[in-house]
Every structure is written in structure tokens, then in C-alpha cells.
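Colleague: Let me see the structure of the following:
(4 chains)
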2 protein chains.
Amino acid sequence: MVKNEMKKAITIKDIAKIAQVSESTVSRALRNNEVINKKTRERVQAIAKENNFKINAAARNLRLQKTNTIAVIILFNEKSGQSISDPFMLELLGTIADELTIQGYDMLLTTSKTTPGDWGNYYFESKRADGLIVIGQGEKDERIGLLAGENTPFVVWGLPDETKNYSTVGSDNIKGGYLAVSHLIAQGCKRIAFFGDIKHPEILARWQGYQQAHKEAGLIVDENLRTNLDFTSADGYKHAKNVFSKNVISADATFTGKNCPDALFAVSDAIALGAMKYFKESDIRMPEQVSIVGFDDIAQSEYAHPSLSTIKQNTKQGGVILVQNLLKKLKGEVIKTQLLEVELVKRESSAS
Amino acid sequence: MVKNEMKKAITIKDIAKIAQVSESTVSRALRNNEVINKKTRERVQAIAKENNFKINAAARNLRLQKTNTIAVIILFNEKSGQSISDPFMLELLGTIADELTIQGYDMLLTTSKTTPGDWGNYYFESKRADGLIVIGQGEKDERIGLLAGENTPFVVWGLPDETKNYSTVGSDNIKGGYLAVSHLIAQGCKRIAFFGDIKHPEILARWQGYQQAHKEAGLIVDENLRTNLDFTSADGYKHAKNVFSKNVISADATFTGKNCPDALFAVSDAIALGAMKYFKESDIRMPEQVSIVGFDDIAQSEYAHPSLSTIKQNTKQGGVILVQNLLKKLKGEVIKTQLLEVELVKRESSAS
DNA sequence: AAACTTATTGCAATCGATTGCAAAGCATCT
DNA sequence: AGATGCTTTGCAATCGATTGCAATAAGTTT
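Modeller: Coordinates of the predicted model:
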């Protein structure tokens, strides 16, 4: 029972010795280089397998100046203090992970909560990754702008911004806002509350869609109907209470007050679900008294009661395109910003 | 405007040249090795900073035979086809990510959906990572057992299993099941449906807790009350419909049938929330007609209506311990399997 | 049989950082 | 002055895989 294997890893040199060939031949044989005699190749490969040879990634990376790894950086809202939280972001992350694996890349993940922040240097310059994918909840982050100044290859999930010199992949947020609000207006709603923080560019775009829908319907936009909040159910609940209780709903719980919102467009399903809890508690009927449309189409929305109407983002497509664009960029191809289609999913919370 | 920087990365050799010292001195100075004269150290460090020197991780890893990287492997249910899906797993992943960053490690993430599967070899033997963290939805996976045979350092989230020779971190599932069901029994429930697949060891443990609570209360366990399903709201909904409609609820929607379950213990909140949708649709009142307790305490549970009682797993603690245990193991310390406390969170879905 | 291809293989340098050991510099002591 | 000891620095090997180029072997042509 002597443990003579010791943990000394087996290298190309060992294989070379066993196979009675040079290290270069082993290297070429393992990569199935045609220049090596087929018999030799197969023999070396067999020996490598028998001896459970595994290539040393560090050595290979050093020599090739390539890591076959992509760093994914998740920005998050400093305020809310949560790292990976929103279900939508997670879906996106999942598809990115899958696509990277399919493309033969490893994924280095970091949440910017604890990260020093100098990703370009940390991941790319120091050769930990060949490129970066940055995803965040629509926050503006100067660091992205800085990255663009360096020669780090990266792509960003978010709002296309022509003034920037980097390319992004993201949903058509203006259209999303427009679809949601047009739908609510079509249901007869006249005063539609908007729950979302327009400091985030993506949310601002949704607000623009909101305005556009109003203009088209000949309705006036009342800025007072807009509330800034976080992407959490907690905030959705809290602000629903604020906005819909105070001076809005008359004593008999019907909407009679002049300023009553009769609908809610929440910029994330998480927010909407939080708000719905308040409505339930207060016996405000949905959609009779308040129609609701969310954004993202997270899994839970279908199982809410009433089920939540929402704007579906194509996460699957988004993740795949992010990865593919980055890989194209690595090959030197020029890639362009991409706008993904969104779709209105009608459910009970806004049915007429 | 000559682009003379060219993308040629700056190395220790360059710094050495500029500082007029040898490469070894630069290396030592940058690591702040006391043996180098303080003045020299500071001068070299300043020069390195000025020139935006970033260490080449590949070279360093190769020389040191260490990567400062941990691979996190997320197993997933082959059937459901979803990769990162359950909110609970994601919370756990988030805390692991944070803790790894705090400890100065990078995190390589993979979902086993697309991964070849031979993680021990791929990540550890080929020196992509110093160790592995395996998390999964309680599935049995022979691959974990195989890992244990090799000398790959790893830790697993899951059920402590004394028959295995690897250590795990996980919640006290038996106690969780016991707490949930005792609580339901205390509320007067007599026939408690169990939604969960006992093929998963963790779920089996919860079922044992279920039985234990029954025994303690002098109640008989009816195996027919147990249903195997996936960790999804979709399955929760579907099976709630199956179990609670067929022969269970009398025409007037009150519970009169002999076999009526009067409560539900779901092994995940996602399942519970799916089931609740069915109850809402069918005007089955919660908790009057059916009391419900879930498992995990995901964010959404508090915002359901009625809010969902559940067994809270300490994800935060779990993630931190997983990481710390692995790092201890890397240092050669012996670590032991750890059982985390769980807690009953009483909310409206089971209030009396 | 000499000259020339063509197919295979090996030599040796390279990627960039680290470190044991030797050497040089300098001060102190006898 | 010479010996001794300490501080500081540099030389050169090493980690493991890859690849341009040279070398050898084998086959073909004249």
C-alpha cells in the first residue's frame, strides 16, 4: 500500500519518455497534428490516455498567450447591497455560461461588490482572461467608459449608446415601455404609475416608451406618477403602499380620487410582484382597480396570482449574442451594437 | 499618432531594464520582499505602477503551481433541462462568489449542463483551479464519489453522508422537515401532503423529518400523500391540481372527503408558490383550507399572497463555510462535514 | 548510383515569473 | 590590514507546452 503516485503530475516529458519520442512529437501528436505519422500519433495518444495525462493549462496559456477564458463581470446596485439578485440577471448569466461552454471557453465570474474594480487590468492585462462580458442592471458605470479606452476586448449588456465607442447587446427598452403602456391604455387605463429609477439608462428608455405611448394616445404625462425605486420586491411593496394608499384610493376602496393611478407599469417583475402583495393586502382588485404590467418575464410571474402581464426580454438570445460578439471581436472582426426584440406577454394582471 | 504601444504587454524584464536592476530584484521588490533594500523596493514599485505593469498570471501560475482559482460546479437536474434555475441555488452561488473574492480567489463557474463532466481532470489535474466546490440540487451523482478517489481537493453542498469519504456542508434537512411538519400539525392539520422527490438524498431527509413529526404526534404516515416532482413552480402547480382536485375537495370546495389533505409541505418555495397559484385559481383558501409550508425562504416567498411560511436555510453561512472549508483543505487541514441550522419562518400561509 | 523529394522527427528557444545559491558591497572588530 | 558578518543584488535554473527550423529517413527519378 505504498502511495508512490505521490501527486506529482504527469507531463509531456513523461509521456515522451514512455513513448520513446521527443516532447515536440508528443505535443504535436496530442493536438493531432497531421505532420506526425498516424501510427505515432495514435500510439502517443493512447499512452497519454492510459497515463491520465492532462495538459497543464498554465504552461499552455503562457506559451500561447491565450487563456480560453472569458471573465463575466456583474455590476450591481451599490445601494441595495445585493450581489447576484435579480432573477432576470441570473437567467442571462445562465445562458452566457452555457454558450461559453459550448464555444469551448471557461467562465471566470465576479460580482463587482467585492471586486477591486480594475477589471481591465486584473483580468485582461494580467492574462487571466481573453475578454470581458459586463452585465449590470442598467447602471451607468464610468469604469465601462474607461475600459473602452484601453485595448481590452469586451462587450456590455445594456442600452445601445451611440455616443460610446463600445458595442452593446440589449433589449429594445423604448419599445418595451411603449408596448406595456400602450397595452394598459388600450385596457382603458388613464393614469398609469411608473415604478422605476430613470437614473439607469435602460429605465430611462422605458420611461421614454411610456411617454411615447401617452403622446400617441393623446394623453398627458404626469411626472408625479413616476417613482424612483430599487429593483426589489421590497421596494415595490413599499412604494405601492406609498403611492396607492395615501391620497389615491377613496374610502370605499374604489377609485374616485382625482389623482388615482388606475394602473402600474413596473420596470421589473420583482418590483411588480412586491406591489401586488400590497394590493392583495389592501383588497385592491387586479386588474379591476389596478392593471399591472411588469418587465423581464421571470419564472415566478406566471405563477403569481393574478398572473403577471409583462414585457419579455429574450435572455436566451441575449446571452448567446453577447458571447458570440465577444468571440468575434477576439478574432478581430468588427461587431455592432445589437437591439433585441421584446414582446408583450398578456396575463391576468392586465386583462380586461 | 503612431501606435507604438502596439499591445506588447510590459513584463518584469522591461521594469528591470528601466529600474536598472535584475529581474529577480524586480520580482522580489514587487512582492515586497524584505530582503530587498527599502529604497529599491519603493523605486521599483513606483516604476511598475507608472508603467502600468500587470503580472502575467499564466507565468506566475506555472512557476508557483497554483492558480488562486476555485472552480464552482453547479449540477442540475437532467430532466428539467434548466441550468441555473432555482433561486436558492443562486443565492448560495452569490455568497460563494463574494467569499471567494474576499479570500483573494477567482471563481471559475460551470454548469454541468454543457460541461463534459470530468471536472476533476479538467479543472484540477490540468491546473485550471486549485480546488472545486460542487453544488447541486441534492442529486446523487456518482461523479462526486469518483472525485473522492482522486486527490482533487473539493467540498460539496449537500447532505452529510458518513458513508462517503468526503466532507460536505449542508442544512439539517431532517430537522427542517420536522420543524415544518410539526408546525403544521400544531396548527391542527392531520393530513399533510408532501411534495418532493425522495430520490434526492436531501429530500429524503426532509421526508424523514416528516415521518418523525408524525410519529411524535401519534399520527400515521400515509405514503399516498407523498408526490415526486421537480423543483419547479410548474411542477408544483401541476401536482397541486392533481392531488387537490381529483378526489379530495368536495363539490362545495370545502374539505369533506376522507382523503383530503389539509396541508402541504413543499420541499422548495418554488414548488409551493406554484401550488399556491392553483389554490388561488380554485378558490381554495389558505391557510383555512390548506396550510402551506415551503423550504428555502427565497426572496419571493415573503411577497407571495398569502406570504409563504417556510424553512429558512442559512445560505450566507453555507457559502462562507464551503469556501473556508475548501481553503482549509488546501492548506492540508482536515475538515469535517458540517450541518447548518435551519429555522421555521412563520407567515400567513400557515397561520392559525 | 547520385540527386532530389517528401514524410517524420528532434533540437532548442520561447512564453514570464520565481527562487536557491553565490557573489558583491559595506561596515565592524581584532 | 585582514578577518568576519550582515545586507543587498544577480545569475541561472525551473515550471510545462509549443513551434520554427534543421536533420534524418525513406522513397523517387534520372
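Colleague: what sits up against stretch A:157-169?
Modeller: For stretch A:157-169, contacts defined as C-beta atoms under 8 Å, 6 or more residues apart in numbering or on different chains pick out A:92, A:133-136, A:138, A:144-145, A:147-148, A:154-156, A:170, A:173, A:201-202, A:205, A:318, A:321-322, A:325, A:335-340. Just so you know, the C-beta spots here come from the backbone N, C-alpha and C atoms, and that holds for glycine as well.
Colleague: Just the buried ones from those, in ChimeraX syntax?
Modeller: In ChimeraX syntax, the buried subset of those is picked out as below (16 or more other C-beta atoms under 10 Å in any protein chain shown):
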select /A:92,133,134,135,136,138,144,147,148,154,155,156,170,173,201,202,205,318,321,322,325,335,337,338,340
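Colleague: Do a quick rundown of the strands in the stretch 251-352 of chain A.
Modeller: A:263-266, A:291-296, A:309-313, A:338-340, A:342-345 (DSSP state E, counting those that start in this stretch).
Colleague: could you check the distance from residue A:282 over to residue B:305?
Modeller: To residue B:305, residue A:282 is 11 Å away according to C-beta to C-beta, to the nearest Å.
Colleague: So which of the two has more stuff around it?
Modeller: Higher neighbour count among residue A:282 and residue B:305: residue B:305, with 19 against 15, using other C-beta atoms under 10 Å in any protein chain shown.
Colleague: Before we move on, what's the pLDDT of the closest residue to that one other than its chain neighbours?
Modeller: Sequence neighbours aside, residue A:280 is the residue nearest to residue B:305 in space, at 3.8 Å (criterion: C-beta to C-beta, 6 or more residues apart in numbering or on different chains). pLDDT, residue A:280: 89.
Colleague: just residue A:150 next, same as before
Modeller: 74.
Colleague: can you check residue A:251 too?
Modeller: We have a pLDDT of 44 for residue A:251.
Colleague: For chain A, just list every one of the helices.
Modeller: With DSSP state H as the criterion, chain A has helices at A:12-19, A:23-30, A:38-50, A:57-64, A:87-102, A:119, A:142-149, A:173-186, A:201-217, A:233-245, A:269-281, A:315-330.
Colleague: Whether the first one contacts chain B - can you check?
Modeller: Right, helix A:12-19. No: under the criterion of C-beta under 8 Å from any C-beta of the partner chain, helix A:12-19 makes no contact with chain B; the nearest approach is 12.3 Å.
Colleague: Could you check how many residues crowd around the residue in the stretch 151-300 of chain A that DNA strand D sits nearest to?
Modeller: Minimum separation of the stretch 151-300 of chain A from DNA strand D (C-beta to the nearest atom of the strand) falls at residue A:153, amounting to 20.1 Å. Other residues lying near residue A:153 total 20 when counted by other C-beta under 10 Å.
Colleague: ok, the residue lying closest to it once chain neighbours are set aside - contacts?
Modeller: Closest residue in space to residue A:153, ignoring its immediate chain neighbours: residue A:131 at 4.0 Å, by C-beta to C-beta, 6+ apart. By C-beta under 8 Å, 6+ apart, residue A:131 lies in contact with A:70, A:71, A:124, A:152, A:153, A:154, A:155, A:326, A:327, A:329, A:330.
Colleague: and what of residue A:328?
Modeller: residue A:335.
Colleague: Check what pLDDT it gets.
Modeller: Reported pLDDT for residue A:328: 95.
Colleague: and if you look at residue A:243?
Modeller: Here the pLDDT value assigned to residue A:243 is 90.
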